[in-house]
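Peer 1: Next come a sequence and a model predicted from it.
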Amino acid sequence: MFESADLDHKIDKATYQREEPKLRAALLNAQYDLAENGKYPVLIVIGGVDGAGKGETVGLLNEWMDPRHIRTHAFPEPSDEERERPHMWRFWRALPPKGKIGILFGAWHTDPLVNRVLGKTSKAEFDQTIAEIIRFEKMLADEGALILKFWFHLSRAQQKERLKALEKDPRTRWRVTKAEWQRFKLYEDFRKVSEHYLRQTSTGDAPWFVVPGADPAYRSLTAGKQLLTALRDRLDGKAAVAAPDRTAPPVPALDKVSVLRSLDLDQTTTKKEYEKALEKWQGRLNLLARDPRFKKLAVVLVFEGNDAAGKGGAIRRVTAALDARQYQGIPIAAPTSEERAQPYLWRFWRHLPRRGRFAIFDRSWYGRVLVERVEKFCGEADWMRAYSEINDFESQLIANNTVVVKFWLAISKEEQFKRFKAREQIEFKRFKITEEDWRNRKKWDAYEVAVCDMVDRTSTDIAPWTLVEANNKYYARLKVLKTLCGAIEGALKKRK
């Protein structure tokens, strides 16, 4: 993959001086057209060998274009805050919104490559990471992002010459440390691993462009013209459009038997039983949250359910057992303009908790396969691919010592009608019932099908759904507390 880039590519000074002003003007125009279009972001990933001109190229792009519409991020060693979240959290935070260009200097490819070369990961682990990255980049592309990945290359001889030149110049000497020379000794190992990585991850959705880095003029024009071509092709409608996903949606059960209809919704718990048990389980949850081992965990709670099923009441019984400094409640409503400018899952990644804390989602990322599916706020291909994207998301949380507990609170159609009517009569509950709630009720059957599909496709061994029979609020609240305590206890046992 690096054979052509190993060659001695050069252009003369006169050619560069002639081409550079035209390229700058065209890039600037394309950037403004992108901002005016505002329908998708551009993501530029920068990688390559030490000394190949990565930093100079990033600086040049910021000079050639309007830096107000460019977001440049470098990724040094993770901070304490970043280490307490899944590895990809820092990259999700750096994604550019629609209409902007994001330049990621050393992104999600860097650590896997370095760790593999240094023998910190096995080939199987490396290939697993590659598969995860491919799925991540495909998700970004499916969300509309234009992804361009530039790998700046030098042959071994070119890199040695380049490092010596940088080291000799007092203005650039600081850029060459022992680390660069140590990596140079592993040049062939890095080349082999990098070539495997680039071949596997250079896809139609997110291709790698290998840029020869020895000659600054050639390097700059090559990268700039490739960026311009990609921008103009997308802006002018010339870029290839991926065929829509025609995976057939799931078919409802022919005998009408489903996970929801199989529930006995009329579980009973008296008020006296409830008050006694509530104190027990809230006390237990409080002790678990103060266990010294809990500082190594985080908890993500997901509350979904029928309208008026008692999600808010269940959440309040959970939070009553916790220190207010230990949790954050995240109510999910229609996305804001800022959230609509990002990939769908971005709004949820930004709220992930640090270790020793809870994030409680009142509605969640499952909105895509529920309300957005039923109300046709997104296309069939979008909600169909969301199942695998959600499973990937949750597996990353769990791999980072996050306990994921998901509740679906289910009530009968008759019970929902009673609660709707009661809310209309009680002054301080009127805000809880809207015309939208009544409209949703008319689509009860469609929502039921969507919920059953959701459970079938996203209830995994590591992040199962707990279906809560919620006609009796006392029973439902206790089941939530018991399930949550059991999940945390299970995670703590693994930390002995």
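Peer 2: Structure's in. What do you need?
Peer 1: And the contacts of the helix or strand of the chain with the lowest mean pLDDT?
Peer 2: The weakest-scoring helix or strand in the chain, judged by mean pLDDT, DSSP states H and E, is helix 435-441 (a mean of 85). With contacts defined as C-beta atoms under 8 Å, 6 or more residues apart in numbering, helix 435-441 is touched by 307, 308, 371, 413, 416, 417, 420, 447. For glycine as for every other residue, the C-beta is placed from the backbone atoms N, C-alpha and C.
Peer 1: so where's the stretch 151-300 of the chain shaky on pLDDT?
Peer 2: 239-249, 251, 254 (pLDDT under 70).
Peer 1: in it, which spans are helices?
Peer 2: 156-168, 178-185, 187-201, 216-235, 271-289 (DSSP state H, counting those that start in this stretch).
Peer 1: What is the last one packed up against?
Peer 2: What that stands for is helix 271-289. Contacts defined by 3 or more C-beta pairs under 8 Å, 6 or more residues apart in numbering; DSSP states H and E place helix 271-289 against helix 311-319, helix 473-493.
Peer 1: And for the last one, what's in contact with it?
Peer 2: By C-beta under 8 Å, 6+ apart, the list of residues contacting helix 473-493 from outside reads 267-271, 273-274, 277-278, 281-282, 284-285, 288-289, 291, 293-294, 297, 299, 301, 309-310, 313-314, 317-318, 321, 401, 403, 405, 407, 409, 466, 468-470.
Peer 1: Let's see that with 6 Å instead.
Peer 2: Under the contact criterion C-beta atoms under 6 Å, 6 or more residues apart in numbering, helix 473-493 has outside partners 267, 269, 274, 277, 281, 284-285, 288, 293, 297, 310, 313-314, 317, 403, 405, 407, 409, 466, 468, 470.
Peer 1: Show me which of these are buried.
Peer 2: 267, 269, 274, 277, 281, 284-285, 288, 297, 310, 314, 317, 403, 405, 407, 409, 466, 468, 470 (16 or more other C-beta atoms under 10 Å).
Peer 1: Got the phi and psi for residue 468?
Peer 2: Dihedral pair for residue 468: phi -110, psi 120, per degrees, to the nearest 10.
Peer 1: quick one: the residue nearest to residue 197 when sequence neighbours are not counted and residue 401, what's the gap?
Peer 2: Closest residue to residue 197 apart from its sequence neighbours, by C-beta to C-beta, 6 or more residues apart in numbering: residue 113 at 5.9 Å. Residue 113 sits 25 Å away from residue 401, going by C-beta to C-beta, to the nearest Å.
Peer 1: quick revisit: can you pick out the most distant pair from the contacts of helix 435-441?
Peer 2: 371 and 417 (20.0 Å; C-beta to C-beta).
Peer 1: So for the two, which sits in the more crowded spot?
Peer 2: residue 371 (18 against 13; other C-beta atoms under 10 Å).
Peer 1: pLDDT value on that one, please?
Peer 2: Note for residue 371: predicted pLDDT of 95.
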